[in-house]
Structure formats: structure tokens, C-alpha cells
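Colleague: Just the structure for this:
(2 chains)
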Amino acid sequence: MYNSYLQRGLGFALPLLAAFLISAIVLILIGENPIKIYSMLVSESFGSSRRTAATLSASTPLLFTAVATAICFRSGAFNVGVEGAFLIGGLGGVFCGFILPVQLGILIIPIAIIFAGLLGGIWLYFPGYLLAKYEVDEVVSTLMLNFIAIAITGYLINGPLLSPISGNNVTPLVHDIAKLPRLLPPSTLHAGFILGLICVFMYSLWCNRTPSGLESALIGLNQRFSNAVGISVQKTLILVMVLSGIIGGIGGASHGLGQLYRFSDGFSPGYGFTGMAVALLARNSPVGIIAGSILFGALASAGTTIQLFSDIPLDLINIIQGTVMIFAVIELTRISFSRKLKVSI
Amino acid sequence: MIFEQIIAAGFILTTPILLAAMGGLVNRQAGIVNIGLEAKMLSGAFSAVIISSLTGSWLLAVIGAAIVGSVIGFLFSLTITRAGANMIVAGLGLNVLVAGALGFILNWSFNSSGTLRMSDTALLPKVLPEGMQIVPVIGKMLTQLDPLTIFAWLTAITLPFILTNTKIGLWIRATGNAEKVTHSVGIKFKNIQDFSTVVAGFFSGLGGAHLALFSIGLFNEGLTAGRGFIALAAFYFGRDKPIATALACLLFGFLDATQIRMQTVGLPPKLIGMIPYIMVLLALIISSIRKHQRMAK
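Modeller: Numbers count the residues shown, from 1 in each chain, chains lettered A, B, ... in the order given. Here you go, the predicted structure:
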């Protein structure tokens, strides 16, 4: 348990420090001054309201995928399938956005979002059910479902849902009325960001103020105890998987209707996995999720500009993300090179 | 003629998956699910192209790729066995990290985005003479056989023996089945796990080398195209048994080879591409339900 704020803060800071240290070494190796680059990153991501808006815009999908991941990780369900739910929900949302009649007006947006949430929820219901009823390893099942989601969406946007007027691998654009409103016009920051914050807020309420939130945390801590006190582990596991799928699906719809306005190949450059890095970094805490999403959003948006103005490849961001993921799960206090077996609690 | 071509292509496409799957299988027998096979294949392919171009020797390139894969596997293993990292997250992180690092090196040192084309890369040689073409049905496949394909199949055939009849094989399986028990009888199970992850890295590196040096002789960021995960699918489907896993690899290789031809029959290639993943899902479900029924009795 990470009960003290200090521990949580350290849990957030240490993987980041490690990641920035490693990328600093990389930068020094190629003859760049890491401090200069890092301060450039900061000013590029928060230097003006336009840049801050770009950062927040880039962090929007991560809010959803991080919450979706955290919901499951809290309960000890190792769901790596948020990426799939994001894709399925994204395509579902965009589909509503262009197929529903324009006459529905602004109503299209809630319909699309609900439809996307529904699809995402159903998508992750299957691995949830299989995990709860038959103990089918959720890591592998959700991992496989990600590839299946990529294949299905890839097939649909190349076949039945292919835009008749543009090349290949894209759906038609959504109706203008179905686009989520922009918050700070020249930038792409859209209402999805607010929706994402609402999701984080609801997640926080659910964790701290509802019985099912408590129960789901308990089964993450000790399944046998939870069983003994009368919590249905099976139902809770299915619940968290479905909730995760719903949030992931809504995230996809928000990305489709707010950012891209269509579904194309490469709709998600791994938002599900970056969201996982954020959730791990945040140790599932709501505040940490917001901070982590903005941080990774900043890296993504500033990284693009940095690549334009200097020779530093954008891939540095992936190096940072990968290092954060690995270091977030390393238990620094448990590092041991002795041969003694540690008693695991 | 078309059958000969499919057999030849299917066989060749099986090799990288088979190599990675054999490594991953040993790794899982020792209790570690290796999600980072993709990363090791990619780095193996990358180093194979560079070494092959620099030295002009396919053998050195293959050895180099295996070493690079092993080293990455070793470091990866340390995070799991010595630092308590969750193997799934660490594996996914490794994939992101390695893809980033390779992209960075490509961009920075070779000034190219995504593809590395080098001069004079030595490709894998063909083992059998052209004359074998006259053999019916498998003639074309025989003339295309390369050393790594033969090595991969030799591994698949000898691995059951190694795992059941040698000391190290037994240690590996014991570690995977009950690490605390192995510890109590004095086996250093962490070392065994490290060793098995190095084996996974070694074979994935070879798989990457085969991808890069079989015919194209260049490296591309998307070269592995999820084959590390197909390998994972194969040893899950084959339930960690070498022969069953190898047959699953063969099936996936042939699916890959027929994918393009199926298109002419009207089956979309993208949907065929998901067959391995669906098969694994089904296999997982069936085996879990069976286990459940046994427990219920």
C-alpha cells in the first residue's frame, strides 16, 4: 500500500528522474546540452497559452486511457486491452458521427459517446467474464484482443466504412455538428479534455465514496479476504473490466470527434500503453493521473516542435516513456542481488 | 507451381516466428512470460544489418544479432528477477524503449527515418544446390533453405529432449513450476530465470536476423510487424510444448504466406491476419474451461 503522500510522491518522481537521467545521458552522447533541451521542452509545452493548450490537447486521450487502466490495476486485474477498447470505441463514435442524420443536430454527440462507451464496455466484458468465470489469463486475452481490434478496425476502414471520396484507410469525416467544440480556437484543445477531467473526477468519487469502489480496491489487495467478507470477486472483476472498456471507448470517441474528425490507420499511436505508463506512475491516484497525462502530453506536443527546431529525433519521447514504464514497476526498495528468497507478502 | 511457392514462402515466414517462439517457450517454462520478444527481434534485425554490411559476413551478423538479443534479454531479466519488476509491464516498456532507441539511432546516426539501407549486406546463403528444384512439391522450398531455418527446426526437434533429459532442462522446468521448491533444494532459481531470458533474447535476436537477412538485407522500423507477439501466441497455443509450438508457428507462417493470395478469393488480408490471435484466445478459453471442469469434479 502506498499510504503516505511522501511514498506516493517518490513513486511518481523516481521513475521520472530515472527516465530523464537516461535521456540526459543520451543527449550528452550526441553532443547536446540536456539542460538546454529540457528547458526548451518546458517552454515549448507551457510557455504560452497557445502552447499550454496544445499540451492539454495532447494529454486528452491519456486522461481516458490512464483512468481506464487504473480502474483495473487497482483491482489487480492486469488489463492491457485499453488500446483495443479505445480503437473500437473510436471507430464506433466516428461511425455515429458521420452516419447519423444531420437533423439530429447536437444530439449526435451524446449518442456517439454512449455508443462508443457501450462498444468499449462490451469489448472488455469478454475478457472480464472469462477471467472471472474461468480464470482465463487476462493479460494474454486482452493483448490478443488489441491485435484483433487493430485488424477489425483496419478491415472496416478499408472496406465497408471506407470514405468514398478519399484514398484508403480512412472513414468519411464526421458532420460538422458532431464535432466536439474547441475550447481555445486556434489550438486543437477540445471539449474532450473537460470530459476527460470529468472521468477522472468520477473515478476519484467512485474510488473513495462508493461501496463498489472500496470493494474493487479490496479485491486488489487480497482476494481471499474479500471473498471471506462477502465481496463477490467475480462480479467485481467483470465490473472493473467493463468500466475500463467504457472509459476507453469514450476516450476513443472523444479523440475521433474532437481531434481527428475521422478514423484512420494509426488512430491511436499507442495511447493505451502511454495511459498504462501514466497509471503506473500515478499508482492509480486521480491527481497523479492528471499530472502524468499532462506530463506525457507535454512530451508529445513539445517533442514534435523540438524535432523541428533541433536535430533531436522525436524517438527520445519513446525512450522516456519506455524507461518510465520499466522503472515504475521496479521496486527500488527490493532490489537485491543476494540469493535469499524474499518472503512475498 | 503455386503450391510449391506457398510451401516455400510459408516455410521461410515460419522461421523468425519459430526462433522467437522457441526462446519464449524456454523462458515461460522457467516462469517468465516474455512480452519483450518483439523488442529483441527488432534489435537483432537492426544489428544484423549493420554487422553484415560492415563485415560482409552473414555468420558474424547472425552471431552479433544473437549476442545483442541476449544482452538485452539479460538486462530485461535483471529488472524482473532482481528488482521485482512486473514482467508484463517491464516487457511492454522494453518494447517501447527499444523501438524508441532504434528510431533514435536511425535518425541520429544514419539520418534516415524508419529504414536503414546499407551497402553490401551479406544475405543468408542457401544451403542446398539449385538442382534440388527437381524434387516434386517441396523442391522450391528445399532450394531456399537457409542455415537459420535448419537451426530453428533442429532446435524444435531437440528441445523436448533437452527439457526433459538434461540437468539444465529439468532445472528450468522445476523453476517454472515451483520456484520456492527449487530454491529450497538449493537451485539458484533466479540465475536459472536469467539464463532462460537470455535464451529467449538469443533466439529472438536470431529471428530478427533472419527477417532482415533472408532476402531484403535492410532494416525497417516495422520489420517485425508484431511477430514477437505471434511467437507469444504460438507458445501459448502450443502450451509450451516445443513440437506443438513449432506446428503452431508453421500454421501461422503459412497463414502469412497465403494472406495475399486469399485476397483474390475475396477474403480481406487484415481479417486473416487476426486468425493467430483468435486461435490463441480460443485455445486459452478451452484449456481454462477444461481445467475448471476438472477442478469442479
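
Colleague: Could you pull out the strands in the stretch 51-200 of chain B for me?
Modeller: With strands called from DSSP state E, counting those that start in this stretch, the stretch 51-200 of chain B shows them at B:115-117.

Colleague: Residues of it that sit close to chain A?
Modeller: B:79, B:82-86, B:88-90, B:92-104, B:106-108, B:180, B:183, B:188, B:190 (Cβ under 8 Å from any Cβ of the partner chain). All C-beta spots, glycine's among them, are computed from the backbone N, C-alpha and C.

Colleague: So the closest residue in space to B:Thr149 that isn't next to it in sequence versus A:Gly292, what's the distance?
Modeller: In space, and not counting its chain neighbours, B:Thr149 is closest to B:Thr15: 4.5 Å by Cβ to Cβ, 6 or more residues apart in numbering or on different chains. Going from B:Thr15 to A:Gly292 by Cβ to Cβ, to the nearest Å gives 41 Å.

Colleague: Compare these two and say which is more crowded by neighbours.
Modeller: More crowded of B:Thr15 and A:Gly292, by other Cβ atoms under 10 Å in any protein chain shown: A:Gly292, with 28 against 25.

Colleague: I would like a PyMOL command selecting only the buried ones among the residues of the stretch 51-200 of chain B next to chain A, please.
Modeller: In PyMOL syntax, the buried subset of these is picked out as below (16 or more other Cβ atoms under 10 Å in any protein chain shown):
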select buried, chain B and resi 79+82+83+84+85+86+88+89+90+92+93+94+95+96+97+98+99+100+101+102+103+104+106+107+108+183+190
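
Colleague: In which helix or strand does A:Lys235 reside?
Modeller: Element membership for A:Lys235 (DSSP states H and E) is helix A:233-255.

Colleague: Tell me the gap between the very next helix or strand once past that helix and the middle of its chain.
Modeller: Next in sequence after helix A:233-255, counting helices and strands by DSSP H and E, comes helix A:271-282. With Cα atoms, centre = their mean, to the nearest Å as the basis, helix A:271-282 stands 6 Å off its chain's centre.

Colleague: And for the host helix or strand of B:Tyr277, what's in contact with it?
Modeller: Counting by DSSP H and E, the element that carries B:Tyr277 is helix B:275-296. Under the criterion Cβ atoms under 8 Å, 6 or more residues apart in numbering or on different chains, residues A:130, A:133-137, A:140-141, A:144-145, A:147-148, A:151, B:230, B:233-234, B:236-237, B:239, B:248, B:252, B:255 lie in contact with helix B:275-296.

Colleague: ok, back up a step: would you mind getting the angle between the helix or strand containing the residue nearest to B:Thr149 and helix B:275-296?
Modeller: Assigned by DSSP H and E, B:Thr15 belongs to helix B:2-29. Calculated by axes from the mean of the first three to the mean of the last three Cα atoms, to 10 degrees, helix B:2-29 forms an angle of 50 degrees with helix B:275-296.

Colleague: Can you mark which positions in stretch B:109-117 are buried?
Modeller: Those would be B:Leu116, for stretch B:109-117 by 16+ other Cβ under 10 Å.

Colleague: Alpha carbons of it, as CSV, please.
Modeller: Extracted in CSV, the C-alpha atoms of stretch B:109-117 (Å, rounded to 0.1, in the frame of the first residue of the first chain):
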residue,chain,number,x,y,z
SER,B,109,23.5,8.2,-36.8
PHE,B,110,22.1,7.2,-40.2
ASN,B,111,20.0,10.2,-40.8
SER,B,112,17.0,8.3,-42.0
SER,B,113,13.6,7.9,-40.7
GLY,B,114,12.4,4.4,-40.4
THR,B,115,14.5,2.5,-42.9
LEU,B,116,18.2,1.5,-42.8
ARG,B,117,19.6,0.6,-46.2
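
Colleague: got the contact list for residue 46?
Modeller: With no chain named, the answer covers chain A. A:Phe46 makes contacts with A:52, A:55, A:298, as judged by Cβ under 8 Å, 6+ apart.

Colleague: look at chain B instead
Modeller: Shown in contact with B:Phe46 (Cβ under 8 Å, 6+ apart): B:102, B:105, B:116, B:208, B:212, B:219.

Colleague: Dump the residues you listed into TSV; add distance to A:Tyr203 and pLDDT as well.
Modeller: Putting the contacts of B:Phe46 into TSV (distance: Cβ to Cβ, whole Å; pLDDT from 0 to 100) gives the following:
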residue	distance to A:Tyr203	pLDDT
B:Leu102	35	92
B:Ile105	39	89
B:Leu116	43	84
B:Gly208	40	94
B:Ala212	44	91
B:Phe219	42	89
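
Colleague: thinking again about what came up before, any chance of the contacts of A:Phe46 in CSV, with pLDDT and secondary structure too?
Modeller: Listed next are the contacts of A:Phe46 as CSV, based on pLDDT from 0 to 100; DSSP: H, G, I helix; E, B strand; the rest coil:
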residue, pLDDT, secondary structure
A:Thr52, 90, helix
A:Thr55, 91, helix
A:Ala298, 90, helix
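
Colleague: Tell me which other helices or strands the helix holding B:Thr15 touches.
Modeller: Judged by 3 or more Cβ pairs under 8 Å, 6 or more residues apart in numbering or on different chains; DSSP states H and E, the packing partners of helix B:2-29 are helix B:37-55, helix B:139-144, helix B:147-165, helix B:167-177, helix B:189-213, helix B:227-237, helix B:242-265.

Colleague: Not counting sequence-adjacent ones, nearest residue to the one residue in the stretch 101-250 of chain A that gets nearest to chain B?
Modeller: Residue nearest to chain B within the stretch 101-250 of chain A: A:Ala151 (3.6 Å; Cβ to the nearest Cβ). Excluding its sequence neighbours, the residue lying closest to A:Ala151 (Cβ to Cβ, 6+ apart) is B:Met274, at 3.6 Å.

Colleague: residues near that neighbour, how many?
Modeller: 20.

Colleague: I'd like the distance from stretch B:235-251 to the chain centre, please.
Modeller: Distance, centroid of stretch B:235-251 to centroid of chain: 12 Å (Cα atoms, centre = their mean).
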